[in-house]
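Participant: When you get a sec, could you give me coordinates for this:
(4 chains)
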There are 2 protein chains.
Amino acid sequence: MLRLAWSVLTTTQPTTGEGTEPDLAALASLLADRTRASFCTALLDGRAWTAGELARHAGVAPSTASEHLTALVGAGLLAEVRQGRHRYVRLASRETAELIEAMSAAAPKAAPPRGLTAVHRSNALARGRTCYDHLAGALGVAVAEAVTERGWIDWEDGPSLTAGGRTGLAGLGVELPARTRRPLVRSCLDWTERRPHVAGAVGAALCSRALEAGWLVRPGGGRAVRVTAEGRAVLAGALGVPDGVLESAGA
Amino acid sequence: MLRLAWSVLTTTQPTTGEGTEPDLAALASLLADRTRASFCTALLDGRAWTAGELARHAGVAPSTASEHLTALVGAGLLAEVRQGRHRYVRLASRETAELIEAMSAAAPKAAPPRGLTAVHRSNALARGRTCYDHLAGALGVAVAEAVTERGWIDWEDGPSLTAGGRTGLAGLGVELPARTRRPLVRSCLDWTERRPHVAGAVGAALCSRALEAGWLVRPGGGRAVRVTAEGRAVLAGALGVPDGVLESAGA
DNA sequence: AGCACGTTTCGGCGGCCGCCGAAACGTCCC
DNA sequence: GGGACGTTTCGGCGGCCGCCGAAACGTGCT
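Facilitator: Residues are numbered from 1 along each chain as shown, chains lettered A, B, ... in the order given. This next block holds a predicted model:
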């Protein structure tokens, strides 16, 4: 499937033959451009954006954005839905999101943002944000450390959910999905904190529960999240998240 | 550390300020070149190569290879050791290897290799190879499925080592490392088979044990591995790996 | 000391690619 | 139907970057 999509881009005909090596450079080339990379980073919020929104977000002409989107969709990194005169686009899969996430963690830090609003938005992201389907930023790291402190997650030999963690999550109304091959809890290196936060099925379930229950809200409509008064009580009480983090991630 | 190394490349001065977003495009640009990508792929065997070896491997002039290596080392993706007139270079860390590995799995398949020797080498890689520190290719996937069949690894809620698996591995002389934060068993999508094989601490320990015990050898000195007669007996007997795979991965 | 060899630096060439504006297309709304 | 709007296609421009060869440097070997 992915291979077929790629054939649109490559000039030579890729055959179905076994043993052909992966074209690492072709994949990297797609993300090697500032504009395309910013598209993917923006789409890490898990929502579908229109072509025009992405163009404005990246500061390029609509025509330029259109060409980039065609490339990313053709490569199978993005999935698109046409609705009327709009072209909605989102990350193709959770695997794609995890790849971009992993690359972001390994990437160098860019120059700091310019402008007051940009700085403000950047700080909001550093305090608390979603990373496709789980929590990240200072808030995400604090939650990870809190549940570790409570013995919900054991980090020896890789992160794993303890029995106590299972009941603790259930007490919060967090419903874990039916058994799949997806890891229950996965470690994900946070690119602002340089410390791990909780991803995987547990991270996703906890995050969606927090948004659904109103413990967290998205003020700007983007990736940034803010802790509500109710959320503050729950996170401090049930999880033991330090007040300092909750304060700065609230308001 | 990584950030410092990056400052060599970036023209603007990256500050230490919090909240700066990762420069995804900068990282991707490093791998967006055929030559640099082939360097990284070659280095996935975990060994240290000299600059000249990599140049010949990629089919470029030594001067070109030198410049690429300076960029990759400066970015922190590669680590170098100077010995006399040689410049030895290897992947900087296991995390770097895992990133390249993950990207390779998501990358499109390149055009099939040209030439008899290239095809031969490609087929050898497809049959069995190492992926930094664990087994991959048809052999790696077969081993993963065999240990699953034996109940050594449970895939529900993510891969995990069972108690039976722990004793089974001990019986083979496979010594697991002291407890670390590294996952014991990690799933890694094989880019030839499109099915998962076993990575993580267990995958690494099993692979190193197999090489140390002479069950596997590296005929070409590269990433390809071959099953010896002794290894064939062990893998078929203790793990239940099908004969068909062992036959084609042997000889 | 002298030579061989691996590596590096520097110019310069060539190609690729991201950008925009203009124009056209299709959809939605009045 | 007509106008507004989101999107797309196409030329053309400009810049970046990967490549090589030549020359220089440093090391090891005889």
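Participant: Tell me the confidence at the residue of the stretch 151-251 of chain A found nearest DNA strand D?
Facilitator: Closest residue of the stretch 151-251 of chain A to DNA strand D, Cβ to the nearest atom of the strand: residue A:221 (16.6 Å). The C-beta positions use only the backbone N, C-alpha and C, and glycine is treated the same way. Model confidence at residue A:221, given as pLDDT, is 72.
Participant: Could you grab the helix/strand/coil label for it?
Facilitator: Assigned with DSSP: H, G, I helix; E, B strand; the rest coil, residue A:221 falls in the coil class.
Participant: what's the burial count for it?
Facilitator: Here the number of neighbours of residue A:221 (other Cβ atoms under 10 Å in any protein chain shown) works out to 8.
Participant: any chance you could map the strands in chain A?
Facilitator: Assigned by DSSP state E, the strands in chain A fall at A:49-50, A:78-83, A:86-91, A:129-131, A:134-136, A:153-154, A:160-161, A:186-189, A:196-199, A:216-217, A:226-227.
Participant: Run the contact check for the third one versus chain B.
Facilitator: No. With Cβ under 8 Å from any Cβ of the partner chain as the threshold, strand A:86-91 lies outside contact range of chain B, at a closest distance of 12.0 Å.
Participant: Repeat that for the fourth one.
Facilitator: No. Using Cβ under 8 Å from any Cβ, strand A:129-131 stays clear of chain B, coming no nearer than 10.6 Å.
Participant: Residues contacting that strand, please?
Facilitator: Identification of contacts with strand A:129-131 by Cβ atoms under 8 Å, 6 or more residues apart in numbering or on different chains yields A:44-46, A:101, A:135-137, A:139-140, A:188, A:197, A:199, A:207, A:218, A:223-225.
Participant: let's see 7 Å
Facilitator: A:44-46, A:101, A:136-137, A:188, A:207, A:223-225 (Cβ atoms under 7 Å, 6 or more residues apart in numbering or on different chains).
Participant: possible to save those residues as JSON lines with distance to residue A:165 and neighbour count?
Facilitator: Formatted as JSON lines, the contacts of strand A:129-131 follow (distance: Cβ to Cβ, whole Å; neighbours: other Cβ atoms under 10 Å in any protein chain shown):
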{"residue": "A:44", "distance to residue A:165": "26", "neighbour count": "20"}
{"residue": "A:45", "distance to residue A:165": "27", "neighbour count": "21"}
{"residue": "A:46", "distance to residue A:165": "24", "neighbour count": "15"}
{"residue": "A:101", "distance to residue A:165": "23", "neighbour count": "21"}
{"residue": "A:136", "distance to residue A:165": "20", "neighbour count": "31"}
{"residue": "A:137", "distance to residue A:165": "22", "neighbour count": "27"}
{"residue": "A:188", "distance to residue A:165": "17", "neighbour count": "23"}
{"residue": "A:207", "distance to residue A:165": "16", "neighbour count": "25"}
{"residue": "A:223", "distance to residue A:165": "26", "neighbour count": "23"}
{"residue": "A:224", "distance to residue A:165": "27", "neighbour count": "22"}
{"residue": "A:225", "distance to residue A:165": "22", "neighbour count": "28"}
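Participant: Can you mark which positions in stretch A:240-251 are buried?
Facilitator: Across stretch A:240-251, burial judged by 16 or more other Cβ atoms under 10 Å in any protein chain shown covers A:241, A:245-246, A:249-250.
Participant: Please tabulate the contacts of strand A:129-131 in a markdown table, including the columns distance to DNA strand D.
Facilitator: Converted to a markdown table, these look like this (distance: Cβ to the nearest atom of the strand, whole Å):
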| residue | distance to DNA strand D |
| --- | --- |
| A:44 | 19 |
| A:45 | 17 |
| A:46 | 18 |
| A:101 | 24 |
| A:136 | 28 |
| A:137 | 29 |
| A:188 | 29 |
| A:207 | 28 |
| A:223 | 20 |
| A:224 | 23 |
| A:225 | 26 |
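Participant: which residue packs closest to the residue of chain A found nearest DNA strand D, ignoring adjacent ones?
Facilitator: Closest contact between chain A and DNA strand D, by Cβ to the nearest atom of the strand, is at residue A:52 (2.4 Å). The shortest distance from residue A:52 to any non-neighbouring residue, by Cβ to Cβ, 6 or more residues apart in numbering or on different chains, is to residue A:62 (5.9 Å).
Participant: Contact partners for that neighbour?
Facilitator: Listed by Cβ under 7 Å, 6+ apart, the contact set of residue A:62 reads A:51-52, A:55.
Participant: how is chain A carved up into domains?
Facilitator: For chain A, the domain assignment from automatic domain parsing gives the residue ranges A:2-93, A:116-248.
Participant: got TSV for these, with distance to DNA strand C too?
Facilitator: TSV is the format used below for these (distance: least, Cβ to the nearest atom of the strand, whole Å):
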stretch	distance to DNA strand C
domain A:2-93	3
domain A:116-248	18
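Participant: averaging pLDDT over each of the ones you listed, which comes out lowest?
Facilitator: Among the domains of chain A, domain A:2-93 carries the lowest mean pLDDT, at a mean of 84.
Participant: Give me every residue in the stretch 1-150 of chain A lying close to DNA strand D.
Facilitator: A:50-53, A:55, A:62-63, A:65-67, A:69-70, A:85-87 (Cβ under 7 Å from any atom of the strand).
Participant: Mind checking which of those residues are buried?
Facilitator: Judged by 16+ other Cβ under 10 Å, buried ones among these: A:50-51, A:53, A:55, A:65-66, A:69-70, A:87.
Participant: Quick one: end-to-end distance for stretch A:111-118.
Facilitator: 12 Å (Cα to Cα, to the nearest Å).
Participant: contacting residues around residue A:36?
Facilitator: The contact partners of residue A:36, by Cβ under 7 Å, 6+ apart, come to A:30, A:68, A:72.
Participant: taking those residues one by one, which sit in helices?
Facilitator: A:30, A:68, A:72 (DSSP state H).
Participant: Kindly reformat the residues you listed as JSON lines containing neighbour count.
Facilitator: Shown next, in JSON lines, are those (neighbours: other Cβ atoms under 10 Å in any protein chain shown):
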{"residue": "A:30", "neighbour count": "23"}
{"residue": "A:68", "neighbour count": "21"}
{"residue": "A:72", "neighbour count": "23"}
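Participant: Going by distance to chain B, which of these wins?
Facilitator: Comparing the ones in helices among the contacts of residue A:36 against chain B with Cβ to the nearest Cβ places residue A:30 closest, at 7.7 Å.
Participant: Count residues in the vicinity of the closest residue in space to that closest one that isn't next to it in sequence, would you?
Facilitator: What sits nearest to residue A:30 in space, not counting adjacent residues and going by Cβ to Cβ, 6+ apart, is residue A:75, at 5.5 Å. Residue A:75: 24 surrounding residues under other Cβ under 10 Å.
Participant: Residue A:147 now?
Facilitator: Residue A:147: 25 neighbours (other Cβ under 10 Å).
Participant: Would you check how far apart the closest residue to it other than its chain neighbours and residue A:42 are?
Facilitator: Counting by Cβ to Cβ, 6+ apart, residue A:147 lies nearest to residue A:153, which is 5.2 Å off, once chain neighbours are set aside. As judged by Cβ to Cβ, to the nearest Å, residue A:153 and residue A:42 stand 30 Å apart.
Participant: Buried deepest among the strands of chain A, which one?
Facilitator: Counting by mean count of other Cβ atoms under 10 Å in any protein chain shown, strand A:134-136 has the highest mean neighbour count of those, with a mean of 27.
Participant: can you tell me which of the strands of chain A comes nearest to residue A:108?
Facilitator: Ranking these by their distance to residue A:108 (criterion: Cβ to Cβ) puts strand A:186-189 first, at 13.9 Å.
Participant: what residues does that closest one touch?
Facilitator: Outside strand A:186-189, the residues touching it (Cβ under 7 Å, 6+ apart) are A:101, A:105, A:131, A:159, A:196-197, A:199-200.
Participant: Understood, closing this out.
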